[in-house]
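Participant: heads up, no residue letters with this:
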């Protein structure tokens with residue numbers, strides 16, 4: 001007789017939670033164990049933490065799904081921490097539960113905020129990763145006159161817009177020459193920067209922090225590489241994230257700025273998969289390995305892995321990536337991956353904006369602002385791989401729909 005099947009999922013974020021539910025919906029009959037390190041009672045939505053949660057007086061967790069969903073799917077949820085993997089014996093060791101054998105293991109360990117060692121445990125320096133982080137930051141900001149944001153990425157700008165909306169004096173320090181430089185085209189950065197100025201936010205671009213001056217466990221000021229000094233009342237650090245790969249590394253699983261997987265999301269260890277923010281995978285669009293910090297990516301990868309475990313049939317991961325960010329009144333959405341080298345076609349309509357990136361007359365990325373319908377269309381165009389022209393784009397969505405339907 002074959003031994004009982006057991007799939008253990010380490011990490012209960014968007015991807016891990018979805019994987020547990022999808023396993024059962026795919027017909028998996030084995031035991032499903034979901035290991036959750038978070039102290040929250042249920043896995044909850046994280047994207048709102050840097051947006052409306054900051055503006056809310058009544059901050060409550062928004063569960064990804066009710067407890068009944070896990071019960072219905074017979075998912076065993078453990079509030080525990082994974083501390084070791086023995087890939088030879090297929091054994092996972094947990095700090096409280098002890099050893100558990102698995103037939104399949106899914107690493108959905110996520111990522112952690114990148115930190116600046118000199119600013120560790122400083123009273124007026126904060127970042128956002130959990131609901132408790134947001135709650136603490138909001139309480140401090142209510143009594144502050146000014147807030148400084150270190151980092152002009154998605155999280156930093158979302159937080160900046162929120163605090164500006166609360167009437168705070170906000171300054172953003174960004175080392176690059178433009179905001180969002182790693183993820184959007186210059187045209188999009190320009191629009192975002194203009195809106196931030198309209199919101200009263202001061203942008204210091206090309207501003208590299210070189211020295212942090214603190215006393216009595218508080219940060220007093222930051223010296224920039226241009227010699228200027230920025231006084232600090234409250235600092236929010238948003239300088240990116242690093243993958244949580246230590247568990248995999250200690251088990252001898254191949255990692256390289258993320259847990260490395262193949263096209264079917266399998267790691268270098270037998271019957272071990274990885275997904276989400278911690279996972280580096282070969283992307284069908286870029287023909288390179290990438291690590292994407294995106295709810296969509298984590299959820300889509302979790303469904304793919306669940307199907308493979310349930311059916312035993314491997315398949316390549318080829319979902320179209322998409323991202324979004326709410327920065328004040330701007331809803332920025334991106335379909336595909338901006339690679340920097342492409343033909344660009346810009347289309348504006350009233351307050352709506354769409355920047356198309358083409359390679360060999362195929363859409364590879366579309367960046368939209370306040371233009372949800374065109375964003376949805378862009379995802380379909382990328383997935384279909386149809387050939388389009390500049391004239392097709394400038395003619396508008398109806399022409400593009402006809403190209404899709406042809």
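Facilitator: Sure, I can see it. Predicted model, so just to flag it, every value in this text is computed and none were measured.
Participant: neighbours around the residue lying closest to residue 288 once chain neighbours are set aside, how many?
Facilitator: Leaving aside its sequence neighbours, residue 288 sits nearest to residue 282 (CB to CB, 6 or more residues apart in numbering; 7.4 Å). All C-beta spots, glycine's among them, are computed from the backbone N, C-alpha and C. For residue 282, the neighbour count with other CB atoms under 10 Å is 16.
Participant: just residue 386 next, same as before
Facilitator: Residues near residue 386, counting by other CB under 10 Å: 17.
Participant: wait, what's in contact with the residue nearest to residue 288?
Facilitator: 262, 263, 288, 289 (CB atoms under 8 Å, 6 or more residues apart in numbering).
Participant: which among these end up buried?
Facilitator: With neighbours counted by 16 or more other CB atoms under 10 Å, these contain no buried members.
Participant: farthest pair in those?
Facilitator: 262 and 288 (14.0 Å; CB to CB).
Participant: beta-bridge partners for the residue nearest to residue 288, please?
Facilitator: Beta bridges link residue 282 to residue 289, judged by DSSP bridges.
Participant: and for residue 363?
Facilitator: Taking DSSP bridges as the rule, residue 363 bridges to residue 358.
Participant: again with residue 336
Facilitator: residue 365.
Participant: quick one: contacts for it?
Facilitator: By CB under 8 Å, 6+ apart, the neighbours of residue 336 are 285, 320, 321, 322, 357, 363, 364, 365, 366, 378, 382.
Participant: ditto for residue 392
Facilitator: So residue 392 contacts 399, 400, 403 (CB under 8 Å, 6+ apart).
Participant: pLDDT below threshold where in the stretch 1-150 of the chain?
Facilitator: 1-3, 39-40 (pLDDT under 70).
Participant: which one of the contacts of residue 282 is nearest residue 348?
Facilitator: Set against residue 348, the nearest of these by CB to CB is residue 288 (31.5 Å).
Participant: which parts of the stretch 201-350 of the chain are helices?
Facilitator: Assigned by DSSP state H, counting those that start in this stretch, the helices in the stretch 201-350 of the chain fall at 246-250, 295-311.
Participant: show me which residues of the first one are buried.
Facilitator: Under the neighbour-count criterion of 16+ other CB under 10 Å, helix 246-250 has 247, 248 buried.
Participant: let's test this: mean pLDDT of it, rounded?
Facilitator: The average pLDDT for helix 246-250 rounds to 98.
Participant: swap in the longest one?
Facilitator: Averaging pLDDT along helix 295-311 gives 97.
Participant: would you mark the buried spots in it?
Facilitator: Across helix 295-311, burial judged by 16+ other CB under 10 Å covers 295-310.
Participant: any idea how far the nearest residue to residue 179 once chain neighbours are set aside is from residue 283?
Facilitator: What sits nearest to residue 179 in space, not counting adjacent residues and going by CB to CB, 6+ apart, is residue 152, at 3.8 Å. Distance of residue 152 to residue 283, computed by CB to CB, to the nearest Å: 25 Å.
Participant: which one of the two has more residues nearby?
Facilitator: Taking neighbours as other CB under 10 Å, residue 152 and residue 283 compare with residue 152 leading, 29 against 19.
Participant: follow-up on the earlier one: and which of the contacts of residue 392 is nearest residue 116?
Facilitator: The closest of those, once distances to residue 116 are taken by CB to CB, is residue 400, at 44.7 Å.
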